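Undergrad: here are the coordinates; sequence isn't available:
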């Protein structure tokens, strides 16, 4: 993992960073790389309201806001941006609007690397809208100025279409911190964390999946 | 939230009758339903901050803890939600009914308030 000038992480939901990316973000922070996390919604249309439920549709936005703020604190971020769009609605914003939002952040921060979802392979329409906006904004930049793209793909056809991920980040030594980051998103992660803490084969599978490496795809615009 | 108490929920429905209220109505299988299981068809909807006036509202059912609520609107229209299990009135005086599925995930919601919900 090279030292970057600035890393910009853009996801739509407050726990999108936790599972597949927070170890990588933590490593960049520890290297002294400035990391900005822009989270586009409060995830306020989520179906998980705690187990047993401690949130409602109306309280979820403030609960998840606190959760992502705690996550950012644990990662060590000093630039968390909560843009406040409504969960599920990103794809219905005016055409080009989100691209403009991304472009403004790129102009301001001049990132050398952007981490977001992979367009076409990220399942949730908000993920897709975010990925498309990032790729569109970066595509419009002169090739020499473009930040590198490091993308998360997890749709069921990912491996078949894209092959093995080409960016593997070893997060050995970050397991405890990452588990705390996942636990910070308490309203979303309750059952998973209980599995993670368990002593079963399933627990071991979950640890293998989330606690060893974080995998990404690079993406060439041209 | 507490499990729906028929009498309390009926009283709350009565209290919002014949005045303009805002509703949040939602039914969802979740965005990941067909990602997790290809046999499942993704479906969902929500309506938010829609102003309505209802002339009668009732809670029915309750077998296995699942209730139905129907609101008859002043223009003869209807709002109908199936599968509600829990309710509360929150600190903003919003009357919230949710239905949780067997995995504890939100499946359905009906909320009524005299003021607009958070945007």
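TA: Cool, the structure landed. Computed from a predicted structure; not experimentally measured. Numbering: from 1, shown residues only, chains lettered A, B, ... in the order given.
Undergrad: give the buried residues for stretch A:195-202.
TA: By neighbour count on 16 or more other C-beta atoms under 10 Å in any protein chain shown, the buried set for stretch A:195-202 is residue A:196. In short, each C-beta sits where N, CA and C put it, glycine included.
Undergrad: is any residue of it near chain B?
TA: No - if you take C-beta under 8 Å from any C-beta of the partner chain as the test, stretch A:195-202 misses chain B, and the best it gets is 13.7 Å.
Undergrad: how long is that stretch end to end?
TA: Across stretch A:195-202, the terminal residues are separated by 7 Å (C-alpha to C-alpha, to the nearest Å).
Undergrad: now the helices for the chain?
TA: Using chain A. For chain A, helices defined by DSSP state H occupy the ranges A:16-20, A:22-30, A:60-75, A:97-109, A:125-139, A:158-162, A:175-184, A:186-197, A:201-211.
Undergrad: try chain B instead
TA: For chain B, helices defined by DSSP H occupy the ranges B:6-15, B:33-36.
Undergrad: so which of those comes closest to chain A?
TA: helix B:33-36 (5.0 Å; C-beta to the nearest C-beta).
Undergrad: about what we covered before: rank the helices of chain B by pLDDT, which is bottom?
TA: Among those, helix B:33-36 carries the lowest mean pLDDT, at a mean of 71.
Undergrad: how far out from the middle of the chain is that one?
TA: Remark: helix B:33-36 is offset 24 Å from the chain centroid, using C-alpha atoms, centre = their mean, to the nearest Å.
Undergrad: now for it, which elements pack on it?
TA: Secondary-structure packing of helix B:33-36 (3 or more C-beta pairs under 8 Å, 6 or more residues apart in numbering or on different chains; DSSP states H and E): no helix or strand packs against it.
Undergrad: what's it in contact with?
TA: Residues outside helix B:33-36 that contact it (C-beta atoms under 8 Å, 6 or more residues apart in numbering or on different chains) are A:123, A:155, A:156, B:40, B:41, B:42.
Undergrad: need the helices of chain B in a markdown table with mean neighbour count, can you?
TA: Output for the helices of chain B, formatted as a markdown table (neighbours: other C-beta atoms under 10 Å in any protein chain shown):
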| stretch | mean neighbour count |
| --- | --- |
| helix B:6-15 | 14 |
| helix B:33-36 | 15 |
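Undergrad: of the contacts of helix B:33-36, which pair is most distant in space?
TA: Distances among these were taken as C-beta to C-beta; the most separated pair is A:155 and B:41, at 17.1 Å.
Undergrad: which one's more surrounded, these two?
TA: Set side by side, residue A:155 and residue B:41 show more neighbours around residue A:155, with 19 against 9, by other C-beta atoms under 10 Å in any protein chain shown.
Undergrad: list the contacts for that one?
TA: A:120, A:121, A:122, A:123, B:35.
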